[in-house]
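Participant: With the sequence up front, the predicted model follows.
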Amino acid sequence: MTAAVADTRFAPRAAGARQLAGTGTLLRLALRRDRVMIPVWVAVILMMVLSMPGSLNSVYSTAAERADIAQSMATNSSMRALYGPVFADSIGGLTAWRIGVYGGLFAAVMSLLIVVRHTRDEEESGRQELVSSAMVGRRAPLTAALLAALVADAATALLVAGGLASQGGGGALALGLAIAATGMVFATMAAIVAQLTESARLAKGLTSAVLGLAFVLRAAGDSRTSGSGGGSSVLTWLSPLGWLENTRAFADERWWVLLLFVAGVAAQGAAAYGLAGRRDIGMSFLPSRPGPASGRLGTAGALAWRLQRGSVFGWSAGFLVAGIAFGGMTQGATDLVGDNRKTRDIIERMGGQSGVTDAFLATMVGMLGMVAALYIVSSVLRLSGEETSQRAEPVLAAAVGRLRWAAGHLAIAFGGAALIMVLGGLGLGIGYGRNFGPVLGACLTQLAAIWVIGGLAVLLFGVFPRAAVAAWAVAGIALLIGWIGPAFELPQPVMNLSPFGHLPKLPGGEMAWPPVLTLLAIAAVLVAVGLTGLRRRDLSN
């Protein structure tokens with residue numbers, strides 16, 4: 001009788017342990033698989049944050065200049081929407097203002113990619129079913145994925161806090177913890193979405209859409225309030241990115257705001273664990289809608305469009321909205337620069353020498369181009385995903401050649417890049433209210449550099465398929481050089497490592513055709529070599 005009671009009492013605990021069996025092994029496997037991706041993401045976030053104090057100190061070298069910029073933000077709603085309010089005019093306070101929200105954005109993207117990769121992506125490829133046939137608990141994969149994201153976010157927090165400690169230990173710790181906590185909020189959000197959807201790509205897209213909504217809510221809220229010592233808008237408090245800025249790093253830190261992150265992570269984590277225990281491996285609560293087997297899907301190109309159309313629509317809408325927002329900020333940016341010669345020099349180095357307004361527009365065009373490089377890499381690498389998941393084999397087993405199969409995806413990748421840049425240019429013209437033609441032409445000029453990065457992705461996929469993921473590093477380096485290069489006055493040979501460094505600065509600058517045509521020729525050669533390699537090599541198993 002006593003033994004039976006004891007067994008009943010300890011049964012729930014034993015069942016709970018069985019649910020997590022194998023978590024440690026899966027965590028080590030996840031960290032091994034991400035041994036390149038996680039350090040690269042953490043390094044990018046760290047370089048973004050640590051580049052700011054020196055840059056800001058060179059631009060606003062005196063206390064009076066720093067106080068002036070803080071005061072200017074109180075009346076500049078467009079720049080508050082872009083960066084948030086300034087809560088302190090110290091170098092640390094300005095660093096938190098300038099990079100805090102974007103550090104949180106990057107941590108969120110890193111975290112959601114990690115979680116989706118080790119949950120829904122594993123199930124979609126069939127590997128999770130094989131792993132789960134061993135002594136692995138039902139919730140072990142989800143736990144390992146969240147712990148991998150926690151390791152990445154914790155490393156980010158420690159390095160950011162250590163790197164900014166000279167600006168103030170308390171503020172550095174608050175900023176590092178807030179950035180990491182933002183990452184964990186979206187890691188647990190991705191864990192929920194991974195249970196709901198049947199596709200890893202859809203899980204990433206939906207979680208990214210939530211992240212975009214969080215940014216919009218924060219921007220809308222910040223544009224309504226000055227934030228200098230006062231309260232934030234309700235819209236700001238509805239966004240985790242608003243929580244990040246309201247920790248007020250380097251400005252009488254609000255440590256209690258971190259409890260909002262803890263509550264959000266706990267609630268979303270509990271929901272994800274509850275959903276994970278109520279479905280079979282490979283299944284989802286929102287199954288994909290079956291499509292036709294003929295008609296519109298009768299060709300390889302039509303299939304590629306079906307697979308990538310959601311991504312194209314999402315990026316197109318995002319670029320249109322971003323263009324309108326950046327165009328509306330143009331006048332506000334001009335007012336913010338005012339008579340500050342150093343700020344004017346940085347903007348002109350990023351956008352040309354023809355005036356602050358044209359230079360700011362050229363800077364925004366350049367940023368859209370560098371972000372579009374992420375789209376083209378993502379779209380090209382869909383080929384790699386189709387191959388490694390063995391979905392390409394049934395297509396190629398029919399009367400479809402490799403080049404024809406690849407051409408469908410590449411048409412969407414390179415044509416989609418052109419489409420989103422056109423929409424970004426239209427958005428800039430709508431937001432600014434003038435210069436439609438020059439701005440649109442400037443956006444189309446960016447395609448030469450974007451296509452070079454796309455060509456490198458094709459080359460890696462076709463010739464070095466195991467290294468195809470390195471295309472992300474290429475796009476990341478181009479983005480990083482464009483972000484910090486002008487502020488640090490990096491030498492021209494370093495700036496030239498990015499294909500964007502060779503483009504004319506438009507609108508406002510002189511159009512130079514030779515570098516544009518050269519970049520287009522390089523892109524064509526890279527694509528041709530990549531496709532030649534694809535024809536000659538074996539498919540991955």
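Facilitator: Noted; the coordinates are in hand. Note that this is a predicted model, so its numbers are computed, not measured.
Participant: Can you check the pLDDT for the residue nearest the centre of the chain?
Facilitator: Nearest residue to the geometric centre of the chain (Cα atoms, centre = their mean): residue 109, 4.7 Å. Looking at residue 109, its pLDDT reads 92.
Participant: Next: residue 439.
Facilitator: pLDDT, residue 439: 91.
Participant: what sits against it?
Facilitator: 327, 361, 365, 425, 428-429, 432, 507 (Cβ atoms under 8 Å, 6 or more residues apart in numbering). In this view, the C-beta of every residue, glycine as well, is placed from N, C-alpha and C.
Participant: Quickly find the element holding residue 480.
Facilitator: If you go by DSSP states H and E, residue 480 is part of helix 470-488.
Participant: Report all helices and strands that the very next helix or strand once past that helix contacts.
Facilitator: Scanning forward in sequence from helix 470-488 by DSSP H and E, the next helix or strand is helix 492-495. Helix 492-495 sits against helix 470-488, with contacts defined as 3 or more Cβ pairs under 8 Å, 6 or more residues apart in numbering; DSSP states H and E.
Participant: Show me how far the helix it packs on is from its chain's centre.
Facilitator: Here the centre of helix 470-488 is set off from its chain's centre by 13 Å, with Cα atoms, centre = their mean, to the nearest Å.
Participant: which secondary structure elements does it contact?
Facilitator: helix 37-59, helix 341-351, helix 356-380, helix 447-463, helix 492-495.
Participant: Need the contact partners of that helix.
Facilitator: Helix 470-488 has contacts (Cβ under 8 Å, 6+ apart) with 40, 44, 47-48, 51, 54-55, 58-59, 346, 349-350, 366-367, 370-371, 373-374, 377, 380-381, 449, 453, 456-457, 460-461, 464, 490, 494-495, 497-501.
Participant: Now a ChimeraX select for only the buried ones of those.
Facilitator: Of the contacts of helix 470-488, the buried ones go into a single ChimeraX selection, burial set by 16 or more other Cβ atoms under 10 Å:
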select :40,44,48,51,55,59,346,349,350,366,367,370,371,373,374,377,380,381,449,453,456,457,460,461,490,495,498,499,500,501
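Participant: what about residue 473, how many neighbours?
Facilitator: Per other Cβ atoms under 10 Å, the neighbour tally for residue 473 reads 15.
Participant: for residue 403, same thing?
Facilitator: 13.
Participant: Check the gap between the nearest residue in space to it that is not next to it in sequence and residue 405 for me.
Facilitator: For residue 403, ignoring the flanking residues on the chain, the nearest one in space by Cβ to Cβ, 6 or more residues apart in numbering is residue 531 at 5.9 Å. Counting by Cβ to Cβ, to the nearest Å, the gap from residue 531 to residue 405 is 11 Å.
Participant: model confidence over stretch 55-68, on average?
Facilitator: 79.
Participant: Pull the distance from it to the chain's centre.
Facilitator: Worked out by Cα atoms, centre = their mean, stretch 55-68 lies 30 Å from the chain centre.
Participant: Give me the distance between the two termini of it.
Facilitator: 17 Å (Cα to Cα, to the nearest Å).
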